[in-house]
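Engineer: structure for this input, please:
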Amino acid sequence: MKVVEWLLNYGARQRGPRDGTAPALEMQSQGLPPVSGPVEANATLRERLRFESLDLPMARVRREQLDRKLAEKVLGAYLSNRVQTASPLTVNFSVLDDAQASLLLETAVHAVQAAGRTNALDDAAILERLYRFKTGAREVALLSDAERSLRPLAQLAPDLLSANLAGRAYAIAASLLFRRDDVSSLFLAYLGARLGLGDDEARLIRRRYRN
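Structural biologist: Numbers count the residues shown, from 1 in each chain. As a prediction, this is how the structure comes out:
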C-alpha cells in the first residue's frame, strides 16, 4: 500500500507537459538548447525562458559577440595602415619644382644637423639616402644653398604646410635620422608637432622610411 502511495505522489510531482504543448519544438524555435527531464519540473529551463524573455537568445548573443570581435580586428588592421592606404606617401624630387625641392632640402639640413653632422654634402650616408628620393645635380645645388641660408624650423614649418609638404618633409627627416637615439627621436617629435602630424601618421611614416 505504501509503495502505491509513493508512486502516486511521485507521479504528481513529476507531471509531464500539458496536452497540446510541444516544449522541445518551442525551445528550438527560440534558439535555446534542449533540456532533458520533465519540462515543468526543471528549474534550469524556467531560468532560461525567463532570460530569453528579457534579452536575446544565447545563440544570437554569441553570434553578435563574434561579429563584434571580427569587426574590431578588421577596423584595427585598417586604422594601423590607413594613411598609406588612403593617401600613399611618396617622395620623388624629379616631379617637384625648385621651390618645393628647396623647402624639403631645408628640412633635410635641419635633420642632418640634429644628427650631429655639419655638412650633408660631405656625408656619404646622407647623400645615399637622399638619392633614394630621386635627387640629382639640381638637388645638390639646392642643398648647398640651404646650408648657407638655413632658416629656423619655426619659420620653415608654415611654408611646408602651405605647400602641402608636411608628410614628405617628415619622411625625409625620418630617413636621414636612421640612428635611433634620443636626440633624433626628440627632433622628429618636435618636427611632427610643428607640421601638425598626428601620432599615428607620424608613426607610420617612420615605420616606412626610417630603416
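
Engineer: helix or strand next in line after the helix or strand bottoming out on mean pLDDT in the chain, which one?
Structural biologist: When the helices and strands of the chain are scored by mean pLDDT, DSSP states H and E, helix 82-86 comes last with a mean of 48. Downstream of helix 82-86, the first helix or strand assigned by DSSP states H and E is helix 98-114.

Engineer: using CSV, list the CA coordinates for that next one.
Structural biologist: These are the backbone C-alpha positions of helix 98-114, laid out as CSV (Å, rounded to 0.1, in the frame of the first residue of the first chain):
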residue,chain,number,x,y,z
ASP,A,98,62.5,74.3,-57.4
ALA,A,99,60.5,75.9,-54.6
GLN,A,100,59.2,72.6,-53.3
ALA,A,101,62.5,70.9,-53.5
SER,A,102,64.2,73.8,-51.6
LEU,A,103,61.7,73.5,-48.8
LEU,A,104,62.3,69.8,-48.4
LEU,A,105,66.1,70.2,-48.6
GLU,A,106,65.9,72.8,-45.8
THR,A,107,64.2,70.2,-43.7
ALA,A,108,67.0,67.7,-44.7
VAL,A,109,69.6,70.1,-43.4
HIS,A,110,67.8,70.5,-40.1
ALA,A,111,67.7,66.7,-39.8
VAL,A,112,71.4,66.4,-40.6
GLN,A,113,72.3,69.0,-38.0
ALA,A,114,70.1,67.2,-35.5
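
Engineer: touching, Leu89 and Ala171? I think so.
Structural biologist: Yes. The criterion here is C-beta atoms under 8 Å, and Leu89 meets it with Ala171 at 6.2 Å. Using the backbone N, CA and C atoms, a C-beta is placed for each residue, glycine as well.

Engineer: ok, Asp123 - how many residues close by?
Structural biologist: Number of residues near Asp123 (other C-beta atoms under 10 Å) recorded here: 16.

Engineer: again with Val112
Structural biologist: If you count neighbours by other C-beta under 10 Å, Val112 ends up with 23.

Engineer: more neighbours, Leu89 and Ala171?
Structural biologist: Comparing Leu89 with Ala171 by other C-beta under 10 Å, the one with more neighbours is Ala171, at 22 against 15.

Engineer: per-residue confidence at the more buried one?
Structural biologist: Looking at Ala171, its pLDDT stands at 95.

Engineer: got it, and the one 10 residues further on?
Structural biologist: With respect to pLDDT, Asp181 scores 85.

Engineer: do Asn211 as well
Structural biologist: Per-residue pLDDT puts Asn211 at 73.

Engineer: with Gly196 instead?
Structural biologist: 94.

Engineer: where does it sit: helix, strand or coil?
Structural biologist: coil (DSSP: H, G, I helix; E, B strand; the rest coil).
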